[in-house]
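Enquirer: Return a 3D structure for these sequence lines:
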Amino acid sequence: MALHLSIDQGNSAAKMALWRDDELVAMSIERSLTPDVLAGFIARGNAPVDAAIYCSVASKGTEVVACLENMVRRVMRLQASTPLPIEIEYGKPGSLGADRIAAAVGARALMPDRSLLVVDAGTAVTYDAVTPDGKFIGGNIAPGMNMRLEALHRFTARLPRVEMPRTLPADRFLGHDTASAMILGAVYGIVGAISYYHSHLPQDTRVVMTGGWAEELSRLCDFDVLVEPNLVSKGLNRILMYNENI
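Expert: Predicted coordinates:
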């Protein structure tokens, strides 16, 4: 059976995934998408790749798409005009990040017919709402954890540069020195935002979270959170499948 390839290009690295229908076959995170890297990853599937989809928050990816077109029969780049299995209700759809679209599609694939709050906790944090009938009704963007700490250091006279620990403290919410006060301020600024948005959406809204800090942050929420590390990739694959039937 032919495979699908999804590529989620972030600011510093790209996440590539091979799919057989909804089953994840292989995944790799790469700093650079050279022709050799792309060909080597495609070969890991041990099956022909019939279609590929590319999503980028960093660049147009013209060279990557051109390279894929020499390897794969059908190549899509996710953009505002791409047919989607959800409806975008956004003032300027062209300004909506492709990764936010894909995450919303991925969340709805996991939990159809539910009110959803989709949170991507990475370099920046995005909070997006999807209605039970599949309408993306908007969302917000805020600084991520490290960005908050760096801003505190850069825009004040005496606050130090503090590194975010890999494991977040779960036994307290108030700092006991300057460093812990900054760290917990950043952490609970995000946790508090998730709780705030969740409280203003319908009562049965489910939170679906992805991004590098998703697992740690989800433990600090006082409601159930579904963590899906590959949410954007899942959404990209679902968009590719949706367009097969158009």
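
Enquirer: From here on, just use CA atoms for contacts and neighbour counts.
Expert: Fine.

Enquirer: Which stretches in this protein count as helices?
Expert: Assigned by DSSP state H, the chain shows helices spanning 35-43, 62-69, 98-110, 145-154, 178-199, 214-218, 231-244.

Enquirer: how much space between residue 141 and residue 122?
Expert: 11 Å (CA to CA, to the nearest Å).

Enquirer: neighbour-wise, which of the two wins?
Expert: residue 122 (18 against 12; other CA atoms under 10 Å).

Enquirer: is it true that that one touches residue 142?
Expert: No: the pair formed by residue 122 and residue 142 falls short of the contact definition of CA atoms under 8 Å, at 10.2 Å.

Enquirer: Tell me where the model's unsure across the chain.
Expert: 246 (pLDDT under 70).

Enquirer: Recalculate using a threshold of 80.
Expert: The chain contains residues with pLDDT under 80 at 1, 11-12, 58-61, 93, 169-170, 245-246.

Enquirer: Can you check which of the helices of the chain gets nearest to residue 2?
Expert: Distance to residue 2, taken as CA to CA, is lowest for helix 35-43 among the helices of the chain, at 11.4 Å.

Enquirer: angle of the closest one against helix 62-69?
Expert: Angle of helix 35-43 versus helix 62-69, following axes from the mean of the first three to the mean of the last three CA atoms, to 10 degrees, is 40 degrees.

Enquirer: Quick check: buried residues in helix 35-43?
Expert: 38, 41-42 (16 or more other CA atoms under 10 Å).

Enquirer: Need these in JSON lines (columns: distance to residue 230).
Expert: Shown next, in JSON lines, are the buried residues of helix 35-43 (distance: CA to CA, whole Å):
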{"residue": "38", "distance to residue 230": "19"}
{"residue": "41", "distance to residue 230": "17"}
{"residue": "42", "distance to residue 230": "18"}
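
Enquirer: Go through these and name the one nearest residue 55.
Expert: The closest of these to residue 55 turns out to be residue 38 (CA to CA; 14.8 Å).

Enquirer: how about the nearest residue to that closest one, chain neighbours excluded?
Expert: Nearest residue to residue 38, sequence neighbours excluded (CA to CA, 6 or more residues apart in numbering): residue 68, at 7.8 Å.

Enquirer: No further questions, thank you.
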